[in-house]
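>>> Take this sequence and fold it.
(one chain, ligands or ions: 2)
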Amino acid sequence: MAVYTQVSAEALAALLARYDVGRLDSAKGIAEGVQNSNFLIDTTSDRFILTLYEKATDTDDLPFFLALLDHLADRGLPVPRAIPDRQGMQVQTVAGRPACLIEFLHGVSVSAPTVAQTRATGEALGRMHGALADFPLSRANSLGLAGWHRLAARCGDDLDVIAPGLKARVADELAFLDAHWPAHLPTSVVHADLFPDNVLMVGDSVGGMIDFYFAATDVRALDLAVTHAAWCFSADGATFDADLAAALVSGYATAFGLSPAERDAFATLGRGASLRFLLTRAWDWLNTPADALVTRKDPLAFLRRLDFYAGATNAELLDG
Ligand SMILES: Nc1ncnc2c1ncn2[C@@H]1O[C@H](COP(=O)(O)OP(=O)(O)O)[C@@H](O)[C@H]1O
Ligand SMILES: N[C@@H](CCOP(=O)(O)O)C(=O)O
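Ligands and ions are numbered 1, 2, ... in the order given. I've put the predicted structure just below:
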């Protein structure tokens, strides 16, 4: 459930009056998502998403995220812009929170992607990386390698509550990544969270890429590794699907390209991507109250992926 802040019909009507988007017809809270409050808004002329930014999104970062969406949409990528009001303002205050009225994109998030959908996602990611080549802004990645160290330290001994020995396993992995992290590879702004729930599919095509609120500057091929970890395993991380992986990578390579150095580092990037979601899920697992409305995600699903990347060759991961 991701409606943390309730918004009255009067506040919504007052918000919409700032725009040329028709009058309020209906508004429904959207259950999906974890970070921000989202509403589906129908007006007399169109459909929109209203996002209220909650504490997990640093509002100082909003200009970066909104410029990123505008940049990608200008280049034909299927990403949702924040709509400017009549004064040109994209960020408003609604129920005391920063908020944006956002373009609604069609499509559905799939839970069991097909080969064709996974290839299309690889192509879309590649096109996104191409379009980002001239994006002038950057944002430090608080969830990069240094951030994983901080998060592991904050979880501390409690990691062993999730699974006996997890604290030592994470420490060993961080030591490996410190020694082998391919920081020499090209960097870019990356989406950093392109899971199936952040891609809206229309049949076999990508109708939308959403949820850019982890976007930051980091090793570019880490974005492909995150997408690989998210799309090419069963949800519990126990089974790797080589056909999905080959489709994802060939779609990406066709649209953008994957250098020999990026291929050589891929297993290490997959280990980093897995550790990132293992740690953020572990933190949430340990700190989400049992009666919270948000469903906690299983950290161990990414420990299984991590183990797989640690034992796989780059060719197995990339070529199927
Ligand atoms: N621009 C959009 N067009 C259509 N649906 C959207 C759009 N943005 C968000 N959604 C819907 O809202 C849900 C939650 O959005 P998301 O950005 O993932 O939230 P959170 O940042 O809280 O994780 C998505 O799963 C999707 O169903
Ligand atoms: N993709 C992450 C969680 C982030 O949630 P999102 O709804 O903002 O994409 C995970 O699966 O751990």
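>>> Please name the residues that touch residue 288.
Residues in contact with residue 288 (CB atoms under 8 Å, 6 or more residues apart in numbering) are 294, 296. C-betas here are computed from N, CA, C, even on glycine.
>>> can I assume residue 71 is in contact with residue 131?
Yes - in terms of CB atoms under 8 Å, residue 71 counts as a neighbour of residue 131; the distance is 7.1 Å.
>>> any idea which element residue 143 lies in?
For residue 143, there is no helix or strand it lies in under DSSP states H and E.
>>> Does it touch residue 276 like I think?
Yes - counting by CB under 8 Å, residue 143 touches residue 276, with 5.8 Å between them.
>>> Low-confidence ranges, this protein, go.
For the chain, the stretches with pLDDT under 70 are 1, 290-293.
>>> For the chain, which segments are assigned as helices?
Secondary structure of the chain (DSSP state H): helices at 9-16, 62-74, 115-131, 145-155, 159-162, 166-180, 220-231, 242-255, 260-264, 266-287, 300-311, 314-319.
>>> And the last one, what does it pack against?
The one in question is helix 314-319. helix 242-255, helix 260-264, helix 266-287 (3 or more CB pairs under 8 Å, 6 or more residues apart in numbering; DSSP states H and E).
>>> buried stuff in it?
314, 317, 318 (16 or more other CB atoms under 10 Å).
>>> again, but for the third one
In terms of neighbour count (16+ other CB under 10 Å), helix 115-131 has its buried residues at 115, 117-129, 131.
>>> Quick one: residues contacting the residue nearest to the spatial centre of the chain.
Central residue of the chain (CA atoms, centre = their mean): residue 193, 2.1 Å from the mean position. Residue 193 makes contacts with 211, 213, 214, 226, as judged by CB under 8 Å, 6+ apart.
>>> Adding distance to residue 174 and neighbour count, write those residues out as TSV.
TSV is the format used below for the contacts of residue 193 (distance: CB to CB, whole Å; neighbours: other CB atoms under 10 Å):
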residue	distance to residue 174	neighbour count
211	27	22
213	25	21
214	20	22
226	18	26
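>>> And those, which two are furthest apart?
The largest separation in the contacts of residue 193, counting by CB to CB, is between 213 and 226 at 14.2 Å.
>>> Spatially, which residue comes closest to residue 149, not counting chain neighbours?
Distances taken as CB to CB, 6 or more residues apart in numbering put residue 174 closest to residue 149, at 5.9 Å, once the chain neighbours are dropped.
>>> Could you measure from the one you found over to ligand 2?
Note on residue 174: its distance to ligand 2, by CB to the nearest ligand atom, to the nearest Å, is 19 Å.
>>> From residue 157, how far out is the closest residue to ligand 1 within the stretch 151-300 of the chain?
In the stretch 151-300 of the chain, no residue comes nearer to ligand 1 than residue 211, which is 3.5 Å away by CB to the nearest ligand atom. With distances taken as CB to CB, to the nearest Å, residue 211 is found 32 Å from residue 157.
>>> Contact partners for residue 301?
Residue 301 touches 233, 235, 236, 237, 281, counting by CB under 8 Å, 6+ apart.
>>> 6 Å instead, please
Residues near residue 301 by CB atoms under 6 Å, 6 or more residues apart in numbering: 236, 237.
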